[in-house]
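**Student:** Give me the fold of what follows.
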Amino acid sequence: MKEATHDKLDATDLRMLRLLQDEGRIANARLAERLNLSETPVWRRLRRLEEEGYVRGYQAVLDQRKLGYGVTAFVLITFAMHTGEQPYKFEEAIQGIPEILSCHNITGEADYLLQVVARDLEDYGDFVARVLRKLPGVTAIRSTLSMREVKAAGKLPVG
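**Tutor:** This next block holds a predicted model:
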């Protein structure tokens, strides 16, 4: 399936995407008002943007500290073998692990970069031993702990 490209979007689409990033729960009527359009065309545009994959979903932004996750770790994962089924099995396995917030296949000395949350250092150490060391193909794990979050916008520079 060919990816949709940014140049298929007009100025109204881009403005709509910016508004949705700022206010994911915005009502269709309010969105139409902010775009100076009637509700039906806004609804059609929004459905098209969702169907074409520009909008992948909607979610609330939660405060990890208030929910008891005091540790954020960035984890470099290294494989001994980069061929065969192991990378696929690894990628499949991490999908079901909620403590892993993101996973990137990267270049350089390591193969993957994970962002992991834990309640505290002891909880993180247990997670490494109980989960990360048992993932398929993993031969080395290097962790860097975040001292504090400086920026976490989570918004793309649209338009």
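
**Student:** Got the domain ranges for this protein?
**Tutor:** Using automatic domain parsing, the domain parsing of the chain gives 10-51, 71-145.

**Student:** Where does pLDDT dip in the protein?
**Tutor:** 1-7 (pLDDT under 70).

**Student:** all strands for it, in order.
**Tutor:** Ranges of strands in the chain, per DSSP state E, are 71-79, 100-105, 112-118, 138-145.

**Student:** Any chance of JSON lines for these, columns distance to residue 153 and mean neighbour count?
**Tutor:** Heads up, the C-betas are built off the backbone N, CA and C, glycines and all. Output for those, formatted as JSON lines (distance: least, C-beta to C-beta, whole Å; neighbours: other C-beta atoms under 10 Å):
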{"stretch": "strand 71-79", "distance to residue 153": "15", "mean neighbour count": "18"}
{"stretch": "strand 100-105", "distance to residue 153": "14", "mean neighbour count": "14"}
{"stretch": "strand 112-118", "distance to residue 153": "15", "mean neighbour count": "20"}
{"stretch": "strand 138-145", "distance to residue 153": "21", "mean neighbour count": "13"}
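
**Student:** so which of the ones you listed gets nearest residue 159?
**Tutor:** Among these, strand 100-105 comes nearest to residue 159, with 24.2 Å by C-beta to C-beta.

**Student:** Can you pull out the residues in contact with that closest one?
**Tutor:** 87, 91, 94, 111-117 (C-beta atoms under 8 Å, 6 or more residues apart in numbering).

**Student:** quick one: it to strand 71-79, angle?
**Tutor:** Counting by axes from the mean of the first three to the mean of the last three C-alpha atoms, to 10 degrees, strand 100-105 points 30 degrees away from the direction of strand 71-79.

**Student:** Direction included, what does strand 100-105 pair against?
**Tutor:** Strand pairing for strand 100-105, determined by DSSP bridges: strand 112-118 (antiparallel).

**Student:** what residues does the strand it pairs with touch?
**Tutor:** Outside strand 112-118, the residues that touch it by C-beta under 8 Å, 6+ apart are 64, 69-77, 90, 94, 99-106, 124, 127, 132.

**Student:** Quick check: the residue nearest in space to the middle of the chain vs residue 115, distance?
**Tutor:** By C-alpha atoms, centre = their mean, the chain has its centre lying nearest to residue 102, at 5.5 Å. Going from residue 102 to residue 115 by C-beta to C-beta, to the nearest Å gives 4 Å.

**Student:** again, but for residue 88
**Tutor:** For residue 88, the distance to residue 115 (C-beta to C-beta) stands at 21 Å.
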